[in-house]
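Enquirer: Below: sequence and its predicted model.
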Amino acid sequence: MTNLNIQKFDTFDIFFEKRIFPRFLIFSYLGLFLAVLYLPFDYSFYKNTPYLVGALVLRCIAIFFAIMVVLAVKLDSFANKRVIAVTTFGTLGYAVLTISYVSYDAPSFFVMYNWFFYLVATMMLGALMTKKIFIIMESFQISIVILLMLYFSKSSEDIFLYCMVSFSLVFYVYAVVALNRKNGEESYANAHRMYIISSTDGLSGLLNRRTWYEKCEFFFQKMDNISFIMLDIDFFKKINDTYGHDTGDVVIKEVSNILVEQTRDKDILGRLGGEEFGIFLLNSTLEEILKIAQRIKDKIQETTIIHNVNSINITISIGISLKNENTKTLLELIKQADINLYEAKQTGRNKIVF
């Protein structure tokens, strides 16, 4: 049982964006640099032709889309739609340059050079590029070029050469894209599995002690309205001695399930060791804290655990602490809850002390 509300892992896109886009950003800057660099080249190439104004306007539009690609990679405002934004702006920039090259009688190899750069960018996106996006983009690109070539009556040799080279490359790059996506999905699944293994307790499915402390320490340093519930299963050693450790494991799992059910998404749950559990609460009033603690205690007390024909009823003891001006460290917060938990166990168990 893994509580996904407390055990967060990057989504597929975010996982690979962190790994791919730092390098892709450099490539994006290169694309922008080349787009700007060719502005004076276009002027020189077209200055004695009637195409000058149109070519420069289209070049400036292409530069705009190159800038948008850089911004899409860098800015948080494009989060969750970064890949679509990058591919859309890149495709539009490519289309504008293609229109310029085909419409204004640039050498045919300009079109191919432009497309090669575009395909390299496509492959650099790696696992983020889906087959669906690739097919849509490339169909759009090839269709535009062929239609423009036909419209401007380009030679049949140029059209044939473009089709032969482009279709061959598209099939090759499609295979690369599909393989990258498949490998990416496998890598992501493995990384997710290893993350779960390394950060959760194998029996309870809650955060293990190390990961729980790391998460709580982060929020302890950032926030003031913090509280902590520490709970312990009463007479757990007796359960193990009487019914066996396999039954004890079932009890741990059942208590963990109840903790997940009775707490909120923002609460940080962990198994701190043996039969001890910790709940780190953020931005909670004392009334809310006591309500959660009481709800957990009541639910566990009224739950009958059945294992190997044995029916077992258990109780828990709870200690609560709240961060105040005298609480300097997370360990002090935990220690105070531990003291209150000890008092609860020494004064009869099955109670809450704060």
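Expert: Yes, it's here.

Enquirer: Of all the helices and strands in the protein, which has the lowest average confidence?
Expert: Ranked by mean pLDDT, DSSP states H and E, the helix or strand of the chain with the weakest confidence is helix 108-124, at a mean of 76.

Enquirer: Please list the outside residues in contact with it.
Expert: 20, 23-24, 27, 31, 34, 87, 90-91, 94, 97-98, 101-102, 129, 134, 137, 141, 145, 154, 158, 161-162, 165-166, 169, 173, 176-177, 180 (C-beta atoms under 8 Å, 6 or more residues apart in numbering). Any C-beta I mention is one placed from the backbone N, CA and C, and that applies to glycine too.

Enquirer: could you point out which element follows it?
Expert: helix 131-151 (DSSP states H and E).

Enquirer: Could you pull out the buried residues of that following helix?
Expert: The neighbour-count check on helix 131-151 (16 or more other C-beta atoms under 10 Å) flags I133, F134, M137, E138, Q141, I142, I144, V145, I146, L148, M149 as buried.

Enquirer: So which elements touch that helix?
Expert: Under the contact criterion of 3 or more C-beta pairs under 8 Å, 6 or more residues apart in numbering; DSSP states H and E, helix 131-151 touches helix 82-103, helix 108-124, helix 156-199.

Enquirer: If we use 6 Å, what do you get?
Expert: Using 3 or more C-beta pairs under 6 Å, 6 or more residues apart in numbering; DSSP states H and E, the elements in contact with helix 131-151 are helix 82-103, helix 156-199.

Enquirer: Mark which of the contacts of helix 108-124 are buried, thanks.
Expert: Among the contacts of helix 108-124, the ones that count as buried by 16+ other C-beta under 10 Å are 20, 24, 27, 31, 87, 90-91, 94, 97-98, 101-102, 129, 134, 137, 141, 145, 154, 162, 166, 173, 176-177, 180.

Enquirer: any idea how far K131 is from F116?
Expert: Applying C-beta to C-beta, to the nearest Å, the value for F116 to K131 is 21 Å.

Enquirer: what about dumping the CA coordinates of stretch 173-186 to PDB?
Expert: Extracted C-alpha coordinates of stretch 173-186, given in PDB (Å, rounded to 0.1, in the frame of the first residue of the first chain):
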ATOM      1  CA  VAL A 173      13.500   9.800 -37.200                       C
ATOM      2  CA  TYR A 174      10.100   8.200 -36.400                       C
ATOM      3  CA  ALA A 175      11.900   5.000 -35.400                       C
ATOM      4  CA  VAL A 176      14.300   7.000 -33.200                       C
ATOM      5  CA  VAL A 177      11.400   8.900 -31.600                       C
ATOM      6  CA  ALA A 178       9.400   5.700 -31.000                       C
ATOM      7  CA  LEU A 179      12.500   4.000 -29.500                       C
ATOM      8  CA  ASN A 180      13.300   7.000 -27.300                       C
ATOM      9  CA  ARG A 181       9.800   7.100 -26.000                       C
ATOM     10  CA  LYS A 182       9.800   3.400 -25.200                       C
ATOM     11  CA  ASN A 183      13.100   3.600 -23.500                       C
ATOM     12  CA  GLY A 184      12.000   6.700 -21.600                       C
ATOM     13  CA  GLU A 185       8.900   4.900 -20.300                       C
ATOM     14  CA  GLU A 186      11.000   2.000 -19.100                       C
END
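
Enquirer: What's the mean pLDDT across it?
Expert: For stretch 173-186, mean pLDDT rounds to 92.

Enquirer: And stretch 329-340, by the same measure?
Expert: 94.

Enquirer: Just the residues contacting it, thanks.
Expert: Applying C-beta atoms under 6 Å, 6 or more residues apart in numbering, the external contacts of stretch 329-340 come out as C216, E217, F220, F228, M230, G319, S321, K323, T327, V353, F354.

Enquirer: Just those residues: which are in helices?
Expert: Mapping these onto helices (DSSP state H) picks out C216, E217, F220.

Enquirer: The last one and D265, how far apart?
Expert: From F220 over to D265 the distance is 19 Å, taken as C-beta to C-beta.

Enquirer: The second one now?
Expert: For E217, the distance to D265 equals 20 Å [C-beta to C-beta].

Enquirer: Of these two, which one has the most company?
Expert: Ranked by neighbour count (other C-beta atoms under 10 Å), E217 and D265 place E217 first, with 14 against 8.

Enquirer: check contacts around the more buried one.
Expert: E217 neighbours (C-beta under 6 Å, 6+ apart): L330.

Enquirer: neighbours of G244, just the number please.
Expert: Counted with other C-beta under 10 Å, the neighbours of G244 add up to 14.
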